[in-house]
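> My questions are about this predicted structure, shown below with the sequence.
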Amino acid sequence: MSERLAGLLADSFTKILIPGIRVTIPLTIASFALGLVIAMTLALVQVAKVPVLSRIARIYIWIFRGTPLLVQLFIIFFGLPSIGIMLDAFPAAVIAFGMNSGAYNAEVLRSAILAVPAGQSEAAALIGMTYPQTMFHIVLPQAFPIAFPSLFNSLIGLVKDTSLASSITVIELFTAAQQIAARTFEPFALYMEAAVIYLIFCTLLTWLQGALEGKLVWKTPADKLVADDRPGEEHA
């Protein structure tokens with residue numbers, strides 16, 4: 001590696017990293033939060049088997065899982081203005097990424113909810129709990145730990161997908177690398193450096209995922225009942 005290239009990479013590292021921290025990470029968090037809201041809504045509608053809404057949910061999932069994310073991004077940013085809906089680049093990216101991740105995570109959450117034994121819902125109904133109470137106090141607390149690994153993998157994947165936002169002028173990590181590469185005529189080195197920074201972000205998230213999965217003790221209502229009924233304990 002030449003001295004010039006080494007100096008270029010050292011100088012450009014922070015110039016690429018800063019947009020990653022200021023834009024890529026907030027874009028990922030906002031998109032994932034929106035996606036979780038959409039996913040939870042779609043999953044609950046399907047599990048409840050509301051006739052019209054469940055069909056709409058399945059159509060939504062079919063469309064967003066069956067079309068490219070880049071096309072969805074272009075439709076929202078470049079297509080909507082033709083019908084009078086103008087969005088800035090960052091909100092357009094959040095909406096596109098959020099709606100796309102919502103479609104995928106909806107299936108994750110639906111599967112996790114269905115994995116909770118049906119007997120728990122039946123028992124809740126017998127003691128007079130309503131459907132919303134059963135879902136939010138019994139089913140979802142047990143479904144979330146099941147869905148957690150897949151949801152976190154989706155978050156890690158979203159970090160990488162945000163690089164597509166460069167195509168609609170969002171100045172994020174990859175856009176910064178493109179701009180420097182265009183000025184310095186060193187695309188290979190700059191794009192490799194961008195890849196390393198993405199790798200750092202994803203590695204940190206992977207470590208966090210492992211720590212949460214390994215150290216957090218997920219306590220479900222059923223676990224608490226078992227703990228309360230341990231032999232040798234007195235009950236009122």
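Structure's in. What do you need?
> just checking, what's the longest helix in the chain?
helix 187-215 (DSSP state H).
> Quick check: closest non-adjacent residue to Tyr191.
Excluding its sequence neighbours, the residue lying closest to Tyr191 (Cβ to Cβ, 6 or more residues apart in numbering) is Ala177, at 6.0 Å. The way it works is simple: take the backbone N, C-alpha and C, and place the C-beta from them, glycine included.
> Whichever helix or strand the one you found is part of - contacts with which helices or strands?
Secondary structure assignment for Ala177, by DSSP states H and E: helix 173-184. Other helices and strands packing on helix 173-184, by 3 or more Cβ pairs under 8 Å, 6 or more residues apart in numbering; DSSP states H and E, are helix 3-19, helix 187-215.
> Export the ones you listed as a markdown table, with columns for mean pLDDT, distance to Gly119 and mean neighbour count.
Shown next, in a markdown table, are those (pLDDT from 0 to 100; distance: least, Cβ to Cβ, whole Å; neighbours: other Cβ atoms under 10 Å):
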| stretch | mean pLDDT | distance to Gly119 | mean neighbour count |
| --- | --- | --- | --- |
| helix 3-19 | 92 | 51 | 14 |
| helix 187-215 | 93 | 26 | 14 |
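> Show the contacting residues for the residue nearest to Tyr191.
Neighbouring residues of Ala177 by Cβ atoms under 8 Å, 6 or more residues apart in numbering: Ser12, Ile16, Leu190, Tyr191, Glu193, Ala194.
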